[in-house]
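[1] the following comprises the amino acid sequence and a computationally predicted model.
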Amino acid sequence: MKNSIKQLFDDVRTKNPLIHHITNTVTMNDCANVTLAIGGSPVMADSPEEAPAMTELAQALVINFGTIATDTFQAMIKAGKAANHLGIPVIFDPVGVGATSFRTEKAKELLKEVNIQLIRGNVTEVMGLLGLSAETRGVDAGKTSIDRQQLATKAAQEFRSIVVISGKIDVISDGQNIVSIANGHEMLTKITGTGCMTASLIGCFAGVTENFFHAAIAGISIMSIAGERAVRSLRQGEGVGTFKVKLFDEISSIDGGRWEEEVNFK
Amino acid sequence: MKNSIKQLFDDVRTKNPLIHHITNTVTMNDCANVTLAIGGSPVMADSPEEAPAMTELAQALVINFGTIATDTFQAMIKAGKAANHLGIPVIFDPVGVGATSFRTEKAKELLKEVNIQLIRGNVTEVMGLLGLSAETRGVDAGKTSIDRQQLATKAAQEFRSIVVISGKIDVISDGQNIVSIANGHEMLTKITGTGCMTASLIGCFAGVTENFFHAAIAGISIMSIAGERAVRSLRQGEGVGTFKVKLFDEISSIDGGRWEEEVNFK
Amino acid sequence: MKNSIKQLFDDVRTKNPLIHHITNTVTMNDCANVTLAIGGSPVMADSPEEAPAMTELAQALVINFGTIATDTFQAMIKAGKAANHLGIPVIFDPVGVGATSFRTEKAKELLKEVNIQLIRGNVTEVMGLLGLSAETRGVDAGKTSIDRQQLATKAAQEFRSIVVISGKIDVISDGQNIVSIANGHEMLTKITGTGCMTASLIGCFAGVTENFFHAAIAGISIMSIAGERAVRSLRQGEGVGTFKVKLFDEISSIDGGRWEEEVNFK
């Protein structure tokens, strides 16, 4: 598996996949920049009139619920169907699902209307997708004692999708196989958008391989590894501002070799 | 007063208040990051269908007029009423009020429909709220010879709100008491969003204390102090890019002790 | 010409022109900050109800198609007409034109309804405006063997506008005269928004001179020069994160003297 994933880094930088995003207005600049940093090319056309046509040009579609509204939701449905029709992988980031009934219902509708190949969320968001209640606070992960591996497997089976649950230990399941990764650092929760950016990274890899399980592992582990490395490079007095800058530096310079050295499968 | 404000820094980092923003698309990423930097947790759901439900989960609601439009305005009214109903403090940043009649009328409507606990604006914006004309240019403070202390007091009494007027000297009034703060640096006007971010900081403190006067003082003085410190740390050849990074570094590392040392009440 | 352009740097910083943007949600924060960095003042009111009134206060209007939608398009048309009526220069950045028919048709409608003084795009976008087909991928420049000087001249004549084509060599035409500039660095394509920011810079200069040809040369060459300088200042291990920070540092410190030293006319 490691060798196959390692190869994906070169593939993204060589093939430069176009990743269409219909995403939130809070972190979209970061998502565009992280797509460029890893070697993809971002496009973000979120008008319902245009989103399907732009999707048809892309190698992957990332749908993110961060600032979900009626208009953009229509764009997501239409673009998702266009992607399904052409076999373009769809990555879904159910930001804040579980926090409000509006968000939870829209997520259910999306999952019903569109075949999703990859889902990335925190534990309470994935619980929300499955209708399990959790203590949730807005778009942050709440506290829960649920077994994340079981949860990921259940969600993967239910939605016939690769499911990635971000957390201290990241869990990836395809419904049969489970991978857990122990990279990452708490500082990643101190800037907004690291989850959204992870979905963009997964999208970049899903745009160059048909092995979406590998794409998910590559995407989430890069964010965690880059976070660790960025923290290590901080000097006295540097905080979240410098951390974010260094996070992008790390993502733009990581390659398969460095990834293999630093990834920490559990 | 100083001891009580000093304590708020720990309170924000311990209680991690959820701050709902209905804000502009220009600076929302910075507002989310500054909320995290001081210890809060941001959420930004600006759809009229969802905004009230998300507000109910929050400890404070920040309403910012930067890119006001009909849809988001409806979300602000609905969310504001939800906040009022539950006693959640509302912070209003009247960006650009006075510049166009659209903006001024919407602000009046908001102030009529929603009880606002805290207002933060520059001098021309606060004049605009009161129907006083000033030379204004878009979203920047215009030139005026008005007495800012009197203006803050008048606005505070009129709107039954704490009023913060940002400027070279920041003025905070609750209608009876006035505090003036002489921290800050001109560089803070050379990047966009420092005003918006100040409203987010005020929101974080208002989310952990019922003394909104103290919350206002804490929020605005942190931005000014962090700006001064960020400027002092710049090296030869560094400009606004590095300044913004260091501003976030400073905000993420400030605590009550540093605040007490550096705050400059006039 | 050089002396006249050199003077514009001081003019922008002295006159501090207000630049109204109706632009995309991906890069608007960067566009606001670059406007401030060069000495202008940004405002971004994209509601159709308000956009014309805000335009009337401005010294230039920047229209950018990055995330074009029906609502913002209405704002662009109305604001463009208001600008035309008052003789305020309009800068058009046709992001992604040619990629979808929606975008191409909206661009044609804009060019029909509004007099545009300056157009800035990459080669496939300008081809798209002229109805020439090119291999295009989303919002990136596609591959083409077209002569860029001829293309710029043709577009300038067709649209009675200054036309700037960004690329390895930047080309500026007023329909009669051509200037080519050989500054720049590939790293500028590794962060999002450098094209959008270039349109903002051009807008700042167009807000202080009636010589829009000079404004275009100044705006595009600053971005290229700042990019070169930012790359030169990178240290081992620094990537796109630090590059973006340094790009803003360079833009905020460039003046006419440094520009004259570094600009590389071909």
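    Structure's in. What do you need? Because the structure is predicted, anything quoted here is derived from the model rather than measured.

[2] contact residues of chain A facing chain B?
    Proximity of chain A to chain B is confined to A:24-27, A:29-30, A:66-70, A:96, A:99-103, A:137-140, A:189-193, A:237-242, A:244-245 under the rule C-beta under 8 Å from any C-beta of the partner chain. (C-beta placed from N, C-alpha, C; glycine too.)

[3] tell me, how many residues neighbour the spatially closest residue to A:I251 that is not a sequence neighbour?
    In this structure, A:I251 finds its nearest non-sequential neighbour in A:A37, 4.4 Å apart by C-beta to C-beta, 6 or more residues apart in numbering or on different chains. Residue neighbour count, defined by other C-beta atoms under 10 Å in any protein chain shown, stands at 28 for A:A37.

[4] run through the stretch 1-150 of chain A and note the low-pLDDT ranges.
    Within the stretch 1-150 of chain A, the ranges that satisfy pLDDT under 70 run A:134-143.

[5] again, only using 90
    A:1, A:133-146 (pLDDT under 90).

[6] which residue ranges of it form helices?
    For the stretch 1-150 of chain A, the helices identified by DSSP state H, counting those that start in this stretch occupy A:2-15, A:28-38, A:51-55, A:70-86, A:101-113, A:123-129, A:148-159, in order along the chain.

[7] what residue lies at the spatial centre of chain A?
    Nearest to the mean C-alpha position of chain A, by C-alpha atoms, centre = their mean, lies A:A199 at 1.7 Å.

[8] now the host helix or strand of A:V171 - C-alpha only, CSV.
    Using DSSP states H and E, the secondary-structure element containing A:V171 is strand A:170-173. What follows is the C-alpha trace of strand A:170-173 in CSV, where atoms were taken according to Å, rounded to 0.1, in the frame of the first residue of the first chain:
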residue,chain,number,x,y,z
ASP,A,170,-7.6,9.6,11.9
VAL,A,171,-9.6,6.6,10.8
ILE,A,172,-10.3,5.6,7.2
SER,A,173,-12.7,2.8,6.2
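
[9] distance from the chain centre to it, please.
    Once both centres are worked out by C-alpha atoms, centre = their mean, to the nearest Å, strand A:170-173 turns out to sit 12 Å from its chain's centre.

[10] the residue nearest to the centre of chain A and A:F65, how far apart?
    Taking C-beta to C-beta, to the nearest Å as the criterion, A:A199 is separated from A:F65 by 10 Å.

[11] now do the shared contacts for these two.
    Overlap between the contact sets of A:A199 and A:F65, as judged by C-beta atoms under 8 Å, 6 or more residues apart in numbering or on different chains, is given by A:D93.

[12] mind listing what A:G96 touches?
    Contact analysis of A:G96 by C-beta under 8 Å, 6+ apart lists A:65-66, A:68, A:103, A:125, A:138-139, B:43, B:45, B:54.

[13] ok and the residue in the stretch 151-266 of chain A nearest chain C?
    Per C-beta to the nearest C-beta, A:F248 is where the stretch 151-266 of chain A lies closest to chain C, at 3.0 Å.

[14] next up, the contacts around the residue lying closest to that residue once chain neighbours are set aside.
    On the basis of C-beta to C-beta, 6+ apart, the spatially nearest residue to A:F248 that is not a chain neighbour turns out to be C:G241, at 3.0 Å. When contacts are counted by C-beta under 8 Å, 6+ apart, C:G241 touches A:244-249, A:252.
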